[in-house]
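Peer 1: coordinates only, sequence not included:
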Ligand SMILES: C[S@@+](CC[C@H](N)C(=O)[O-])C[C@H]1O[C@@H](n2cnc3c(N)ncnc32)[C@H](O)[C@@H]1O
């Protein structure tokens, strides 16, 4: 048997067992690894070694471990992670509560990715993370999983991370490495799993969010499809799957919906009969609405109800029958836009809002929703121009000041943001979102006293109960009042500990 036909047998075996293909430049790596393992096992000749691999699954794993590409680091491709934490996660927290939101890092390598998620969550929720989240990292390679469990990292792993986080979440060790602190380590569990296996362990079942980033690049098309299908099946309804930036379009195979949020993409499991049976009894059922011939249920969270309640149409329109018809038509389409917003279908929602404004440009709430949608889609410049339009029409519109503050904060213009939040508070002293953002800015600026005051005010308003229902009228995809309460308490405890 010549050398290449020997390699062909190895390639075939590895494709079947771990899904990797070894063509062109990877062929040499395969050949070297085989030689290395043959030496270790004292095997003479490719034929004898392939026979050994066929009957010794441990040996097959050892060879696989030499061939996996384990490149990873903390805060890799952070835009995706920020999107998850800032805008996508809150929905799952609400649905799952009081159970933890389940996050799986599939192909986690040495653990930097799931630990990054744990650190980001700890930054927001502190010790409550233990009850709020369940994070699991899996990989085919037992060596990287052992290293992830240990949680000690060299400098290279921190090349994408803010150095202040290194101080907060790691301890230097005598080996020159940095050891992840126990309270972060405790949040993540690791397990050896081959994503090609016919079934996955219990820990991986029914995740809300799967990070499957920079793994599929090593798989040929048919393996990519197979694993993508398995992960999709694993997800809960409406669950999310994120792939690496360079992999996004490999996977649009009709199993999950590809969703765009600003410049970023992710996949969502949206079965055809959506929302008729939602997972949580916490959701109040809403009447079904029609969208392009499909019956979809309006997403029933209190924030939406408050938006709809606030949508007041001009009285004069209701003065005759056609006015009434127009009124109900506009209201129905406004509801549709909100439903679509909650499905993250911002472009479609914006189309409807544009049509509403064209039909009735006195419908003020349509402008506020438009600004909010543009903000959620990270189209900040357009959102700002909508806010300016709103203020030209109504100088007392609270939402416009709030949105301008949030946009300024996103752009890193903290002075402008604080000014806008102050204007919002001037209009309504109980506008907790303005107090909250002010507190966050002051926190980052290390203005301990003023930050504490603002967090305390936010907490007081939220805890007063009567205002909880208000949620965040025009920011339907962000955290709810209860979640903000946890964040405020955590920040106050950090401010307290910074005193001493
Ligand atoms: C490049 S790392 C990606 C790490 C991390 N997700 C990131 O984006 O930084 C790819 C990981 O996928 C793992 N992997 C490859 N094939 C796998 C399989 N069949 N099952 C599970 N993990 C696999 C490799 O062992 C490797 O650690």
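Peer 2: Sure, I can see it. Computed from a prediction, not measured in an experiment: that's the story for all the values here. Numbers count the residues shown, from 1 in each chain.
Peer 1: what segments of the stretch 201-350 of the chain are strands?
Peer 2: 209-212, 240-243, 257-261, 264-268, 288-291, 294-297 (DSSP state E, counting those that start in this stretch).
Peer 1: residues in contact with residue 191?
Peer 2: Contact analysis of residue 191 by CB atoms under 8 Å, 6 or more residues apart in numbering lists 136-138, 145, 201, 203-204. From N, CA and C alone the C-beta is placed, and that goes for glycine too.
Peer 1: most neighbours among those residues, please name it.
Peer 2: Highest neighbour count within those, by other CB atoms under 10 Å: residue 137, with 30 neighbours.
Peer 1: residue 237 - how many residues pack around it?
Peer 2: Residue 237 - counted by other CB under 10 Å - has 16 other residues nearby.
Peer 1: could you measure from it over to the ligand?
Peer 2: For residue 237, the distance to the ligand equals 24 Å [CB to the nearest ligand atom, to the nearest Å].
Peer 1: now that residue: how far from residue 270?
Peer 2: With the distance defined as CB to CB, to the nearest Å, residue 237 ends up 8 Å from residue 270.
Peer 1: so what's the residue of the stretch 251-400 of the chain found nearest the ligand bridging to?
Peer 2: Scanning the stretch 251-400 of the chain for the residue nearest the ligand gives residue 266, at 14.4 Å (criterion: CB to the nearest ligand atom). Per DSSP bridges, the residues bridged to residue 266 are residue 259.
Peer 1: how about the contacts made by it?
Peer 2: Residue 266 is in contact with 80, 83, 88, 240-242, 258-259, counting by CB under 8 Å, 6+ apart.
Peer 1: picking that back up, which among the contacts of residue 191 gets closest to residue 118?
Peer 2: residue 137 (9.8 Å; CB to CB).
Peer 1: surely that closest one is within a strand?
Peer 2: Yes: Residue 137 forms part of a strand when assessed by DSSP: H, G, I helix; E, B strand; the rest coil.
Peer 1: let me see the contact set for it.
Peer 2: Contact analysis of residue 137 by CB under 8 Å, 6+ apart lists 104-105, 108, 111, 113-114, 145, 148, 188-191.
Peer 1: filter these down to the buried ones, ChimeraX style.
Peer 2: Here is the ChimeraX command that selects the buried residues among these (16 or more other CB atoms under 10 Å):
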select :104,105,108,111,113,114,145,148,188,190,191
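Peer 1: please list which of the contacts of residue 137 also come close to the ligand.
Peer 2: Among those, the ones lying near the ligand by CB under 6 Å from any ligand atom are 108, 113.
Peer 1: now render the contacts of residue 137 as CSV, adding pLDDT and distance to residue 63.
Peer 2: Formatted as CSV, these follow (pLDDT from 0 to 100; distance: CB to CB, whole Å):
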residue, pLDDT, distance to residue 63
104, 98, 26
105, 98, 24
108, 98, 21
111, 98, 23
113, 98, 25
114, 98, 26
145, 98, 17
148, 98, 21
188, 98, 28
189, 98, 27
190, 98, 22
191, 97, 21
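Peer 1: restricted to helices, list the contacts of residue 137.
Peer 2: Among the contacts of residue 137, the members falling in helices (DSSP state H) are 113-114, 145, 148.
Peer 1: part of a strand, is residue 421?
Peer 2: No: using three-state DSSP, the assignment for residue 421 is helix, not a strand.
Peer 1: need the pLDDT of it.
Peer 2: pLDDT, residue 421: 94.
Peer 1: was I right about it contacting residue 405?
Peer 2: Yes: under the contact definition of CB atoms under 8 Å, residue 421 touches residue 405, with a separation of 4.3 Å.
Peer 1: any common contacting residues for these two?
Peer 2: Common neighbours of residue 421 and residue 405, using CB under 8 Å, 6+ apart, are 434, 437.
Peer 1: picking that back up, ok, so of the contacts of residue 191, who is nearest the ligand?
Peer 2: Using CB to the nearest ligand atom, residue 138 is the member of the contacts of residue 191 that sits closest to the ligand, with 6.4 Å.
Peer 1: list the contacts for that closest one?
Peer 2: Neighbour list for residue 138: 104-108, 145, 190-193, 195, 201, 204 [criterion: CB under 8 Å, 6+ apart].
Peer 1: what lies in contact with stretch 386-396?
Peer 2: 364, 367-368, 370-371, 374, 397, 399-401, 403-404, 407, 427.
Peer 1: right, I mislabeled it, should have said stretch 240-251
Peer 2: For stretch 240-251, the external contacting residues (CB under 8 Å, 6+ apart) are 77, 80, 84, 88, 208-217, 221, 224, 228, 231-232, 235, 256, 258, 265-269.
Peer 1: returning to what we had before: and the two most separated of the ones in helices among the contacts of residue 137?
Peer 2: Farthest pair in the ones in helices among the contacts of residue 137, by CB to CB: 113 and 145, 12.9 Å.
Peer 1: residues of the stretch 51-200 of the chain that sit close to the ligand?
Peer 2: So the stretch 51-200 of the chain meets the ligand at 68-72, 76, 107-109, 113, 139-141, 144, 193-196 (CB under 6 Å from any ligand atom).
Peer 1: wait, isn't residue 17 in contact with residue 67?
Peer 2: No: judged on CB under 8 Å, residue 17 makes no contact with residue 67 at a distance of 11.1 Å.
Peer 1: packing partners of whatever helix or strand residue 32 lives in?
Peer 2: Using DSSP states H and E, the element containing residue 32 is helix 25-41. Where contact means 3 or more CB pairs under 8 Å, 6 or more residues apart in numbering; DSSP states H and E, helix 25-41 is packed against helix 3-17, helix 46-55, helix 57-67.
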